[in-house]
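In: Sharing a model prediction with you, sequence too.
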Amino acid sequence: MKCLTCDNLSFSIICKTCQKNLLTPAFHKREISKNFFNYSFYAFSDIEDLISSKYYFHGDRVYNLLAKISFHKFAINFNYKENIIAIPIDDHTRHDFSHTAILAHHLLSQNIKPLYNVLKATKIVRYAGKDLEFRKNNPRRFKVNKLKNQTVILCDDLITTGSTILEAKKALEKENNKVLFSLTLADAKL
């Protein structure tokens, strides 16, 4: 197959050279509400085409690779005094795979266990290209399924305004869950 970024022949969807030269993650921290932070690994502008792959048949391979390079490395270096549950935000399967479930899966480690089908939007809204006012006027109305009194981290592919993450956090906290922080592949404000 051809590498998605350089068109050279490769055994992987993105060749080792491009992984090394283009996909080395950097750790970014953004406060999205008082004392609540999102951590991301890339600037959205650097991996926009790869993030958009979630709409195509090869997106699961791209997301697995990105998650292995970033989320997995984070998980093996993360140490916390208690076990943590990784919750993918709205891990639906509209495109034959769930990109957020793939990200959470790569957090599996000694301290972190992913849990799926926990946080679902009851209202499907596409936020791509929409401003903060639109997002606030059209909440996703998350429902939490059978998760109470746990310590969790949220997983998503992209943070723009932070409204989705904050809405998900609020839904989890209503069930007495403690949300430590959120992790995303990319940050649109970088």
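Out: Received it, and whenever you're ready, just let me know what you need. Here the structure is a predicted model, which means the values were calculated and not measured. Numbers count the residues shown, from 1 in each chain.
In: what's Lys143 sitting at in phi/psi?
Out: When quoted as degrees, to the nearest 10, the phi and psi of Lys143 stand at phi -120, psi 130.
In: for Asn149, that is, sorry about that
Out: Dihedral pair for Asn149: phi 60, psi 40, per degrees, to the nearest 10.
In: which non-adjacent residue is nearest it?
Out: Leaving aside its chain neighbours, Asn149 sits nearest to Asn176 (5.1 Å; criterion: C-beta to C-beta, 6 or more residues apart in numbering). (Each C-beta comes from the backbone N, C-alpha and C, glycine too.)
In: count of neighbours near the one you found?
Out: When counting by other C-beta atoms under 10 Å, one arrives at 10 neighbours for Asn176.
In: bridging residues for the residue nearest the centre of the chain?
Out: In the chain, the C-alpha nearest the mean C-alpha coordinate belongs to Asp156, at 2.2 Å (C-alpha atoms, centre = their mean). Asp156 has the following beta-bridge partners by DSSP bridges: Thr184.
In: same question, His28
Out: Where His28 sits in a bridge, its partners, by DSSP bridges, are Ser40.
In: List the residues that contact it.
Out: Neighbour list for His28: Tyr39, Ser40, Phe41, Ala43, Asp187, Leu190 [criterion: C-beta atoms under 8 Å, 6 or more residues apart in numbering].
In: Could you rerun that using 10 Å?
Out: His28 makes contact with Asn38, Tyr39, Ser40, Phe41, Tyr42, Ala43, Ile159, Thr184, Ala186, Asp187, Lys189, Leu190, according to C-beta atoms under 10 Å, 6 or more residues apart in numbering.
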